[in-house]
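*Asks:* would you be able to build a 3D model of this:
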Amino acid sequence: MDEIFLIMQAKMLQNKKEHLQWTSEFHISHDEIVYIQADGSYSTVHTRDGINIFTSKKLADYERLLTEDFYRIHHATIVNLKWVSHLDKANNMVVLTNDDQLPISRRKKSDFKKLLLEL
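*Replies:* Numbers count the residues shown, from 1 in each chain. So this is what the prediction gives:
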């Protein structure tokens, strides 16, 4: 099972109501990650359980750790292809199986469409 080992100071946002802060190290399975969004020098890992983990890693750090099941759809977003429902071409959005919608850059759209057809 592919995993990412995270050592971080993190803030977990669960249901956007609870705010828990901790310093921790743990393993998270690639299958648990739905997408990762950049926030300056930090990133937020969005999991399938709806938990958002704020980390001190840049998106480029994650790109080196992740498998081919992930694709950078925007300068600020990496998505797990296993969680992609479809591409909303009219609105330039990637729609996920959890109904989240993420913007896709115009430069990435064509390659992403081809990639989806291969899956």
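
*Asks:* when you work out contacts or count neighbours from here on, use the C-alpha atoms and nothing else.
*Replies:* OK.

*Asks:* residue ranges with poor pLDDT in the protein?
*Replies:* 1-26 (pLDDT under 70).

*Asks:* now the helices for it?
*Replies:* Remark: helices assigned in the chain by DSSP state H are 59-65, 106-118.

*Asks:* return the most buried member of these.
*Replies:* Comparing these on average neighbours per residue, with mean count of other Cα atoms under 10 Å, the densest one is helix 59-65 at a mean of 14.

*Asks:* next one: that one to chain centre, how far?
*Replies:* When distances are taken as Cα atoms, centre = their mean, to the nearest Å, helix 59-65 is centred 11 Å away from the chain's centroid.

*Asks:* show me what it is packed up against.
*Replies:* strand 33-39, strand 77-80 (3 or more Cα pairs under 8 Å, 6 or more residues apart in numbering; DSSP states H and E).

*Asks:* CSV for the ones you listed, including distance to Phe54?
*Replies:* Shown next, in CSV, are these (distance: least, Cα to Cα, whole Å):
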stretch, distance to Phe54
strand 33-39, 9
strand 77-80, 14
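
*Asks:* tabulate those strands in CSV, adding columns for mean neighbour count and distance to Lys108.
*Replies:* What follows is the helices and strands packed on helix 59-65, written out as CSV (neighbours: other Cα atoms under 10 Å; distance: least, Cα to Cα, whole Å):
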stretch, mean neighbour count, distance to Lys108
strand 33-39, 22, 16
strand 77-80, 22, 11
